[in-house]
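In: Take this sequence and fold it.
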Amino acid sequence: MLAEAGCRYVIIGHSERRQLFHETDDNVAKKTLIALSSGLTPIVCLGETQEERDAGLAKEVLSRQFHGGPGALTRKSSPVFWLHTNRFGPSARAVQQPRKLPRCHRMLRRCAGENFSVHLASALRILYGGSVKPDNIQGLMAQEELDGALVGGASLDPKSFAALVNFK
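Out: Numbers count the residues shown, from 1 in each chain. Model prediction:
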């Protein structure tokens, strides 16, 4: 239905779906395959909760989600976009901890290279989606290994969204 309606992309495994609807890594892998077979480009979400991050489990959670979700796909059917999300809480915290993001993103790219190919890993687009706001977009977009952002709540406010789109 989404493809028939003209959609080109679909978000799969968003943190709210994982938490509220108990969506599993296996569900994410199956939905990703369905999206690909329907001609949609999946944006597969991987990310830790604040509690997991505080406990030092971010890489472990991302690895589990990768290997149980998109890592379970074949080389031919792997997704082109992945979204790393975590819950930093206030947007200022995302700006204060930018050095931790590249490590997670490098790990995801390395997993893609090991599971699929180095070529796919380098072509992979990693987006950040954890509380993207006008006051932290510049610091986020300066991160190595980060190719873009998925804007949530800030997209609902025209001024905030315009500031994000037009940042320099």
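
In: Tell me where this structure has strands.
Out: 9-12, 41-48, 81-86, 125-128, 148-149 (DSSP state E).

In: wait, what's in contact with the residue lying closest to Arg106 once chain neighbours are set aside?
Out: In space, and not counting its chain neighbours, Arg106 is closest to Glu145: 5.5 Å by Cβ to Cβ, 6 or more residues apart in numbering. Where you see a C-beta, it was placed from the backbone N, CA and C, and this is true even at glycine. Contacts of Glu145 were listed using Cβ atoms under 8 Å, 6 or more residues apart in numbering, and they are Leu101, Pro102, His105, Arg106, Arg109, Ile126.

In: isn't the fifth one right up against Leu120?
Out: It stands for Arg109. No: using Cβ atoms under 8 Å, Arg109 makes no contact with Leu120, being 9.7 Å away.

In: Give me the number of neighbouring residues for Gln65.
Out: A total of 24 residues lie near Gln65 under the criterion other Cβ atoms under 10 Å.

In: Show me the shaky parts of the protein.
Out: Residues of the chain that meet the criterion pLDDT under 70 lie in 75-100.

In: at 50 instead, please
Out: 86-97 (pLDDT under 50).

In: Can you spell out which helices and strands pack onto the lengthiest helix in the chain?
Out: What stands out as the longest helix in the chain, according to DSSP state H, is helix 100-115. Helix 100-115 is packed against helix 58-68, strand 81-86, helix 118-123, strand 125-128, with contacts defined by 3 or more Cβ pairs under 8 Å, 6 or more residues apart in numbering; DSSP states H and E.

In: Okay, and the beta partners of Ile43?
Out: Ile11, Phe81 (DSSP bridges).

In: any idea how far Ser15 is from His119?
Out: Shown here: His119 relative to Ser15, a distance of 29 Å by Cβ to Cβ, to the nearest Å.

In: And the two? Which one has more around it.
Out: Ranked by neighbour count (other Cβ under 10 Å), His119 and Ser15 place Ser15 first, with 19 against 9.
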